[in-house]
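# everything below, folded, please.
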Amino acid sequence: MIHRKALAALLENQDRYVIAGEASDGLETVRMSCDLIPDVVLMDLSMPKMNGTEAIIEIKKQCQNSRILVLTDHDNDEMIFETLRAGASGYILKDDTETELMNAIDAVASGKTYLSPGISSTVIDGYLKGSGVDRISTSLQGLTT
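Take a look at the predicted model:
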């Protein structure tokens with residue numbers, strides 16, 4: 001809770017951000033995201049009642065236009081890819097700078113994707129090793145001659 005309050009205070013000190021709401025668990029995050037329709041949902045992956053990936057899937061299903069930026073400690077390949085496949089628009093690490101966080105929020109709010117510099121190489125390496133190839137070949141299967 002202290003981290004969430006500190007983050008909210010940090011963002012409210014910026015003229016360009018307004019905090020629409022704060023959620024304490026995954027279920028509340030889904031409900032509030034659909035009720036409040038914020039420009040960006042900033043969320044962690046480790047939450048009680050519903051984990052972040054499940055919450056992302058539900059938010060994307062219930063309120064399709066939501067843009068989700070994940071702010072987390074998790075930097076392992078599997079978690080990153082799972083989160084991005086679930087529909088997150090951005091992924092930033094908690095040990096990134098405040099400036100990096102603002103850049104991520106601004107990018108996601110404007111409809112772009114954003115990856116923390118600390119995980120960009122992980123995502124690119126994973127793509128080059130084939131995790132993106134499966135998705136491309138699946139998409140091409142639907143094409144007719």
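# going forward, measure contacts and count neighbours with C-alpha atoms only.
Noted.
# next, count neighbours for residue 50.
Residue 50 has 17 neighbouring residues, counting by other C-alpha atoms under 10 Å.
# mind checking how far the residue nearest to it when sequence neighbours are not counted is from residue 10?
Leaving out its chain neighbours, the residue that sits closest to residue 50 by C-alpha to C-alpha, 6 or more residues apart in numbering is residue 26, at 4.4 Å. According to C-alpha to C-alpha, to the nearest Å, residue 26 and residue 10 sit 22 Å apart.
# these two: which is more packed in?
residue 26 (24 against 12).
# the more buried one and residue 70, how far apart?
In terms of C-alpha to C-alpha, residue 26 sits 13 Å off from residue 70.
# so residue 71 bridges to which residues?
According to DSSP bridges, the residues that bridge with residue 71 are residue 92.
# that one against residue 92, yeah?
Yes. With contact defined as C-alpha atoms under 8 Å, residue 71 reaches residue 92; the gap is 5.0 Å.
# which one of the two has more residues nearby?
A side-by-side neighbour count of residue 71 and residue 92, using other C-alpha under 10 Å, places residue 92 first with 28 against 20.
# counting neighbours, what do you get for residue 7?
The local packing of residue 7 (other C-alpha under 10 Å) involves 12 other residues.
# just the element for it, please.
Using DSSP states H and E, residue 7 sits within helix 2-12.
# so after that helix, what's the next helix or strand?
helix 26-36.
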